[in-house]
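> here is the input, now give the coordinates:
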Amino acid sequence: MVIIDKETCIGCGHCRDDCLAQAISITAGKAEITKDCFHCGHCIAVCPTDSVRIEGGTYDMSDVEPIGSGFGITAEALLHAIKTRRSVRHFKRACPSEKELLTMLEAGRFSPTASNAQNVSYLVFTQETEVLRDLAMRELRSLQYDEAAFYRVFPPPMSLSRVHFDDNDFLFKGAPAVILTLSPNPVNAAIASCNMEMQAAAMGLGVLYVGFLTRLAETSIPLRAFLGLRDEDHVVTCLAVGYPDVSYLRTPPRKKAQIQWR
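Residues are numbered from 1 along each chain as shown. Predicted coordinates for the structure are as follows:
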């Protein structure tokens, strides 16, 4: 429930003007809630007197952080960070700490979701990574000699010739931790994954998107049973996570962007 403190509210209308649900009005110089909304929190973020809060449910007002004038990152630094991130395929054996992984997940938790659904969940493997690796490789190897079955699970551009069936680390490349993102909305999970990857890079961690595991998790009955997935659960991304055992010294080139100005 959204609560407005009438004692501190100055009736500026910022919350009303920024409310997508049009659930706030100004009456007698004070803001008031006129109907239910989807708790996006914009009213909290925009209020100049800190007069708005959400009570009840699963929200925690201790999440709220002030944004000062010195907060943020320069456009140049952000673009440089995006250009310098790399998909990592060589990992050290040491596993990231629980604190580091939780910081990654926090970046996912605060990522935007359509209609503020916040419907992305996570499966994190640190203790059972080897079990997951062995089961996934066994399921992958079951398709080794059946090209038609392989391409039913892995449509092009994935290619049978790319799979090294004799390499038990083919999927995770030795990464000691694996994070699966689940959501009924793939865009929501993809955005969360991207933010988690950038957060990982900022902490000196490396990440690899494992598309083969994502497809297996959608089609393999034994793997879905191991993961505890229901019929309606959809694995959107698989992130192999660890400390990089490789250093990159420069950014690679990219194709020119295809842009139409209208």
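> ok, residue 192 touching residue 104?
No - the pair residue 192 / residue 104 is not scored as a contact, 10.0 Å apart, by C-beta atoms under 8 Å. Every residue, glycine included, has its C-beta placed from N, CA and C.
> overlap in contacts, these two.
Counting by C-beta atoms under 8 Å, 6 or more residues apart in numbering, residue 192 and residue 104 have no common neighbour.
> number of nearby residues for residue 129?
The number of residues packed around residue 129, counting by other C-beta atoms under 10 Å, is 20.
> you'd agree residue 152 is in a strand?
No - secondary structure of residue 152 (DSSP: H, G, I helix; E, B strand; the rest coil): helix, not part of a strand.
> the chain should start at 24 in everything you say after this.
Let's use 24 as the start, then, which means that last one is residue 175.
> and it, what's its pLDDT?
You'll see residue 175 listed with a pLDDT of 95.
> ok, it - contacts?
When contacts are taken as C-beta under 8 Å, 6+ apart, residue 175 is in contact with no other residue.
> measure the residue nearest in space to the middle of the chain to residue 60 for me?
The chain has residue 215 as the residue nearest its centroid, 2.0 Å off, counting by C-alpha atoms, centre = their mean. Computed with C-beta to C-beta, to the nearest Å, the distance linking residue 215 and residue 60 is 22 Å.
> how about stretch 144-156: buried residues?
Judged by neighbour count using 16 or more other C-beta atoms under 10 Å, the buried positions of stretch 144-156 are 145, 146, 147, 148, 152, 155, 156.
> what do you get for stretch 119-132?
Judged by neighbour count using 16+ other C-beta under 10 Å, the buried positions of stretch 119-132 are 119, 123, 124, 126, 127, 128, 130, 131.
> equivalent analysis for stretch 229-247, please.
229-231, 233, 235-240, 243, 246-247.
> about what we covered before: excluding its backbone neighbours, what's nearest the residue nearest to the centre of the chain?
Spatially, and ignoring its direct neighbours in sequence, residue 215 is nearest to residue 131 (3.8 Å; C-beta to C-beta, 6 or more residues apart in numbering).
> who's in contact with the one you found?
Each residue near residue 131 by C-beta under 8 Å, 6+ apart is listed here: 143, 145, 204, 215, 216, 218, 219.
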